[in-house]
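# need a 3D model of the sequence below.
(4 chains)
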There are 4 protein chains.
Amino acid sequence: MKYALDSEKVAVATREMLEKRGVSTTDIAELTFFLQKDYFETLTLEQCLASVEAVLGKREVQNAILTGIQLDMLAEEGKLISPLQEMIQHDEGLYGCDEILALSIVNVYGSIGFTNFGYIDKLKPGILKRLNDKSTYEKHTFLDDIVGAIAAAASSRIAHRKQSEAEQIL
Amino acid sequence: MKYALDSEKVAVATREMLEKRGVSTTDIAELTFFLQKDYFETLTLEQCLASVEAVLGKREVQNAILTGIQLDMLAEEGKLISPLQEMIQHDEGLYGCDEILALSIVNVYGSIGFTNFGYIDKLKPGILKRLNDKSTYEKHTFLDDIVGAIAAAASSRIAHRKQSEAEQIL
Amino acid sequence: MKYALDSEKVAVATREMLEKRGVSTTDIAELTFFLQKDYFETLTLEQCLASVEAVLGKREVQNAILTGIQLDMLAEEGKLISPLQEMIQHDEGLYGCDEILALSIVNVYGSIGFTNFGYIDKLKPGILKRLNDKSTYEKHTFLDDIVGAIAAAASSRIAHRKQSEAEQIL
Amino acid sequence: MKYALDSEKVAVATREMLEKRGVSTTDIAELTFFLQKDYFETLTLEQCLASVEAVLGKREVQNAILTGIQLDMLAEEGKLISPLQEMIQHDEGLYGCDEILALSIVNVYGSIGFTNFGYIDKLKPGILKRLNDKSTYEKHTFLDDIVGAIAAAASSRIAHRKQSEAEQIL
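Here you go, the predicted model:
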């Protein structure tokens, strides 16, 4: 059978993988709300959720999510070649490929999301705390950065939209 | 006279521009110390200063600093074309070119610096607070991101070097 | 008067600046056509033009264009501080901030545009040849990379849309 | 046993993986020579090889190589989850994570390498032609971009060093 990209299948798989790894869109929307609530006082969790959904609809975001989660799962199962196995398994601080994939997600709504990504990645509020719990057998080396990046991209989207709304009123 | 790049002149001009805009290497080293002190308990301000100096020795860092400060100065003097003038003058949140130049500095020691950059840019400790004081006539739209980026890159360099030291002891 | 971002003004200024510097949207669409014609045999210049228009509608693209052209114009007028003046005036190969701004434009439709940007920047077909003519008083150090980047981003957009069309037929 | 990063082990594994996948440092040096020979007439293949070695000595380069080759190998063995498996197996043009990892390698010597990376990735000279041969069972979706990126980074390093040499003579 000839290969052909099936975008719907990629989109669906992305949602399933996130769910399977214990991350709901509401978990991510709560991070976006945390990042943006002080800037937009009328902001609701529903608006954050809509922004997260929009980010998850982007092809590059889906590709980065699938790739990152796949590497996390393989690390969990011990199926990567040494020393990549050890670096991902132990969330090695000098590894960096997790940050690189995450940045490609943040980029989707422009460079204004970089600082939000860094901030949330340090503070680790909400779901990020659970994803970083090193006491379990679960490995989320890529996923914790990915989730923070989706929340940061969704924040950038909100900032752009709030500007559009403000200009339309004028 | 034929043009030829004079690397020494670029390096010297970078230092002079930073000084002229009120930023000392110690100011930046203090940010690096703030970012790294909890990870390396024997870290000294002198080590941070040496790392900042190394970052400032990189050509791409110098180019980004000169370009960013130049734009800040022109904005301060009101010499940019509208609406770029207004965006830089008012540190427009949706502008983003300041973050882009800053990222090129952070990159110098790899992707592990992204989160430190974002974190410090949000918290604005030390010199970053003064650079963000909007009550003065001074405009530091680019410089505040640049200074945070240098501190983040210097932090990455320290993380790499501390690893080398640890491995040499073993 | 209180500052407020006027998105329409930024969009209009971007078009005016490109025109003023001698670059039409058709010039850029021709580069996109050059890059994509071998992959999509039914591709028309009109489709390329529509993609270029879409790229130019993005805020980060507008910001990068305004910033780059502003620096080119100041270099042409000799108004930048030395040695930044000389580096931009002579399109110094080791400068790099032109490539950085360009990459932020390419990024707008994802990483698949990187190779198209590099390819066209080396070959310099169409309008890029004129922008690189060093025998005139004009300085287009930033603009030539920016134009190539817009063409590359428009190519990425076409690739994504052609995929959507193909999937809709199935 | 407590985990500790072993930098030497990572460096050695990187070399072994490249060799195992049929890529020698000379293959990469030849690409660098192809890219730079017209700019520096005294350039030798030995100098290119030394630059490739320097690039391969960088931690972020090693991490990106190990990660990319690992994904290629798993795709070859059919061990990735669908639809990531199909996208990597068929070098899907809209995937993009291969370009993202490659860019992190190019970045190691700054933004001036972006255009060389794109150019070589389109032309596919030397070893890149073999890595792109889709008629074999081998899958090099990541590796072909990685090899081009190493060659581009080595080119940037040469450009910086040739400048230093020229300035030392003066």
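# where do the strands sit along chain A?
Across chain A, reading from the start of the chain, there are no strands by DSSP state E.
# ranges for the helices of it?
Remark: helices assigned in chain A by DSSP state H are A:7-20, A:25-36, A:45-56, A:59-76, A:84-89, A:97-106, A:114-123, A:127-131, A:141-169.
# residues contacting the residue of chain A found nearest chain B?
In chain A, the residue found nearest to chain B is residue A:118; the distance is 1.5 Å by C-beta to the nearest C-beta. C-beta here means a position set from N, CA and C on the backbone, and glycine is covered the same way. Taking C-beta atoms under 8 Å, 6 or more residues apart in numbering or on different chains as the criterion, residue A:118 is in contact with B:114-122.
# pLDDT added to these, as JSON lines?
What follows is those, written out as JSON lines (pLDDT from 0 to 100):
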{"residue": "B:114", "pLDDT": "93"}
{"residue": "B:115", "pLDDT": "94"}
{"residue": "B:116", "pLDDT": "96"}
{"residue": "B:117", "pLDDT": "97"}
{"residue": "B:118", "pLDDT": "95"}
{"residue": "B:119", "pLDDT": "96"}
{"residue": "B:120", "pLDDT": "97"}
{"residue": "B:121", "pLDDT": "95"}
{"residue": "B:122", "pLDDT": "94"}
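# picking that back up, skipping adjacent residues, who's closest to the residue of chain A closest to chain B in space?
In this structure, residue A:118 finds its nearest non-sequential neighbour in residue B:118, 1.5 Å apart by C-beta to C-beta, 6 or more residues apart in numbering or on different chains.
# residues of stretch A:135-154 that come out buried?
Buried residues in stretch A:135-154, defined by neighbour count with 16 or more other C-beta atoms under 10 Å in any protein chain shown: A:139-154.
# quick one: mean pLDDT for that stretch?
This predicted structure assigns stretch A:135-154 an average pLDDT of 97.
# briefly note if it comes near chain D.
No: applying C-beta under 8 Å from any C-beta of the partner chain, one finds stretch A:135-154 out of contact with chain D, separated by at least 10.2 Å.
# stretch A:101-108 now?
Yes: with C-beta under 8 Å from any C-beta as the threshold, stretch A:101-108 lies in contact with chain D, specifically through A:101, A:104.
# and the residue most central in space within chain A, what does it touch?
The centroid of chain A falls nearest to residue A:147 when counting by C-alpha atoms, centre = their mean (2.6 Å). Listed by C-beta under 8 Å, 6+ apart, the contact partners of residue A:147 are A:23, A:27-28, A:31, A:127-128, A:131.
# so which of those residues wins on neighbours?
Within the contacts of residue A:147, most neighbours by other C-beta atoms under 10 Å in any protein chain shown means residue A:28, with 29 neighbours.
# report pLDDT for that one.
The confidence metric pLDDT takes the value 98 at residue A:28.
# so what's it closest to, chain neighbours aside?
With C-beta to C-beta, 6+ apart as the measure, residue A:52 is the residue that lies nearest to residue A:28, at 4.8 Å, once sequence neighbours are left out.
# relative to chain D, how far out is that neighbour?
For residue A:52, the distance to chain D (C-beta to the nearest C-beta, to the nearest Å) stands at 21 Å.
# hang on, that residue packs against residue A:154?
Yes: at 4.7 Å, residue A:52 counts as touching residue A:154 under the criterion of C-beta atoms under 8 Å.
# who touches both of those two?
With C-beta under 8 Å, 6+ apart applied, the overlap between the contact sets of residue A:52 and residue A:154 consists of A:28-29, A:32.
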